[in-house]
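K.L.:
Sequence isn't available, so here's the structure alone:
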């Protein structure tokens with residue numbers, strides 16, 4: 001389609017749950033100068049002119065519209081994820097890419113439900129405990145040895161005697177504290193409870209919000225066990241309270257990664273760039289990771305007319321939020337020969353955080369924090385991104401390879417890797433605020449893994465700069481990987497070199513990004 005207009009159209013699709021997503025169409029957005037419609041963006045300057053903030057934001061608007069039409073989420077296994085897959089694939093096919101779907105098995109766990117029915121009604125944020133039983137419970141709520149006014153370290157549900165006189169068939173309301181969650185749930189089941197709600201303790205600010213943890217193993221009890229915040233637990237403790245609890249049983253399904261390759265380029269020297277496409281259940285995931293997904297999509301579309309020296313392969317991963325499952329399965333499914341043909345992997349996960357820092361993955365371990373260096377060649381990838389920021393006069397900072405995003409499987413396979421990140425739940429330091437602006441003492445992304453990670457959860461400057469940085473690195477390595485693996489490339493794309501004066505760099509780990517330990521255990 002003409003690339004002067006970035007259309008956010010989404011066809012109706014049927015998701016894994018059999019629900020049809022409504023067709024949505026966002027208003028057209030100007031995505032670059034008219035020349036971008038027809039020219040070949042075969043220089044860094046041309047490509048940067050056509051990979052615009054407006055074009056990237058148009059894709060994010062499409063992902064937001066998909067979430068809005070599918071219960072506010074694009075999580076793996078939901079119709080919102082399937083619609084996201086179809087949107088990305090449709091854009092790429094229209095631009096002339098060879099598009100395929102890499103399928104992998106996935107255990108889908110639908111969201112749990114906690115509703116209060118009387119004396120007030122409301123639906124509360126919740127989640128199921130690891131080791132829960134499945135199914136639903138509805139009926140009276142009975143509190144078990146609660147300590148609410150004032151809240152204190154609670155022994156609620158820790159002893160069988162706490163359930164003396166408990167009405168069999170009721171839902172047990174239990175407060176966090178002093179003993180293992182499993183003890184509380186097992187005692188409740190033995191007393192005849194049909195469901196268990198474990199709510200937070202409330203005795204200090206860190207124990208106010210939603211608590212969801214683990215019973216320590218699988219299949220610990222046969223009844224549903226869900227969590228709640230302290231405030232919601234207090235509401236459920238009212239006399240005459242009734243509730244509905246539901247924990248759906250996991251379902252074995254098939255998910256898809258989206259893979260797109262340039263028709264041209266050396267198939268024995270493949271440059272990969274990837275971003276995860278799924279959100280968490282709680283929200284639409286427009287920064288995490290609609291930002292990376294949209295930026296590499298717009299880069300791919302604006303590169304479509306370029307004939308690269310090396311084959312370029314773009315990937316949109318599924319089920320990253322469930323533990324890097326899509327990228328893990330993809331790498332595990334490659335033969336040694338196929339792995340050897342991948343020159344390098346670039347990862348882009350959260351590149352427009354509202355309270356951002358320009359983090360570059362520390363390929364050479366020069367920061368000396370956490371994990372060691374990446375595979376040989378990773379240090380040069382880091383230097384390429386540093387060269388871009390230096391040319392723009394933008395400070396940058398190293399961040400550790402923690403293994404918490406989709407570069408992990410590639411590093412484990414010995415493939416040189418790198419990428420960009422603007423921060424997640426980590427807290428911005430005063431020194432970082434002095435360098436990059438924003439608010440010290442607040443998260444890099446205040447909406448990390450929350451429902452408020454919407455189209456508005458974005459920093460235009462960070463996303464604009466990083467979209468250009470992504471385009472710069474992808475085009476650079478599409479033409480020349482000699483600095484990473486020694487394979488000769490195009491002479492007018494010499495390896496990028498950071499300058500020593502244009503930008504200040506700082507050392508340090510940067511913000512954590514842990515998609516796999518979302519809730520604490522007791």
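P.N.:
The structure has been received and is ready for your questions. Since this is a predicted model, take the numbers as computed values, not measurements.
K.L.:
quick one: pLDDT of the residue nearest to residue 436 when sequence neighbours are not counted?
P.N.:
Ranked by C-beta to C-beta, 6 or more residues apart in numbering and with sequence neighbours excluded, the top spatial neighbour of residue 436 is residue 357, at 5.3 Å. For every residue, glycine as well, the C-beta is placed using N, CA and C. On the pLDDT scale, residue 357 is placed at 98.
K.L.:
For this structure, give me the ranges with low pLDDT.
P.N.:
1-32, 500-522 (pLDDT under 70).
K.L.:
Please enumerate the helices of it.
P.N.:
In the chain, the segments counted as helices under DSSP state H are 44-50, 53-68, 79-94, 181-190, 230-236, 290-302, 325-332, 336-340, 378-392, 407-412, 430-436, 460-479, 482-485.
K.L.:
export the ones you listed to a markdown table and tack on distance to residue 148?
P.N.:
Output for those, formatted as a markdown table (distance: least, C-beta to C-beta, whole Å):
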| stretch | distance to residue 148 |
| --- | --- |
| helix 44-50 | 58 |
| helix 53-68 | 37 |
| helix 79-94 | 38 |
| helix 181-190 | 16 |
| helix 230-236 | 6 |
| helix 290-302 | 40 |
| helix 325-332 | 40 |
| helix 336-340 | 57 |
| helix 378-392 | 52 |
| helix 407-412 | 43 |
| helix 430-436 | 38 |
| helix 460-479 | 43 |
| helix 482-485 | 60 |
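K.L.:
closest to residue 213 out of these?
P.N.:
Set against residue 213 and scored by C-beta to C-beta, these come closest in helix 181-190, at 5.3 Å.
K.L.:
If we go by neighbour counts, what in the closest one is buried?
P.N.:
181-189 (16 or more other C-beta atoms under 10 Å).
K.L.:
any idea which of the residues you listed is the one closest to residue 416?
P.N.:
Out of those, the member with the shortest distance to residue 416 (by C-beta to C-beta) is residue 181, at 42.7 Å.
K.L.:
from what I can see the closest one touches residue 132, true?
P.N.:
No. Assessed by C-beta atoms under 8 Å, residue 181 is found out of contact with residue 132, at 10.1 Å.
K.L.:
Return every residue with contacts to both of the two.
P.N.:
215, 225 (C-beta atoms under 8 Å, 6 or more residues apart in numbering).
K.L.:
Please work out which of the helices of the chain is packed deepest.
P.N.:
Neighbour counts (mean count of other C-beta atoms under 10 Å) averaged over each of the helices of the chain peak at helix 290-302, with a mean of 29.
K.L.:
now the angle from it to helix 53-68?
P.N.:
Helix 290-302 and helix 53-68 are oriented at 120 degrees to each other (axes from the mean of the first three to the mean of the last three C-alpha atoms, to 10 degrees).
K.L.:
and helix 290-302, how far out from the chain's middle?
P.N.:
Chain-centre distance of helix 290-302: 15 Å, with C-alpha atoms, centre = their mean, to the nearest Å.
K.L.:
What is it packed up against?
P.N.:
helix 44-50, helix 53-68, helix 79-94, strand 266-276, strand 310-317, strand 342-348, helix 460-479 (3 or more C-beta pairs under 8 Å, 6 or more residues apart in numbering; DSSP states H and E).
K.L.:
let's see 7 Å
P.N.:
helix 53-68, helix 79-94, strand 266-276, strand 310-317, strand 342-348, helix 460-479 (3 or more C-beta pairs under 7 Å, 6 or more residues apart in numbering; DSSP states H and E).
K.L.:
For residue 447, which of those is the nearest?
P.N.:
Of these, nearest to residue 447 by C-beta to C-beta is helix 53-68, at 13.0 Å.
K.L.:
The closest one vs helix 79-94, what angle?
P.N.:
140 degrees.
K.L.:
picking up where we left off before, of the buried residues of helix 181-190, closest to residue 325?
P.N.:
Lowest distance from residue 325 to the buried residues of helix 181-190 (C-beta to C-beta) belongs to residue 181, with 25.6 Å.
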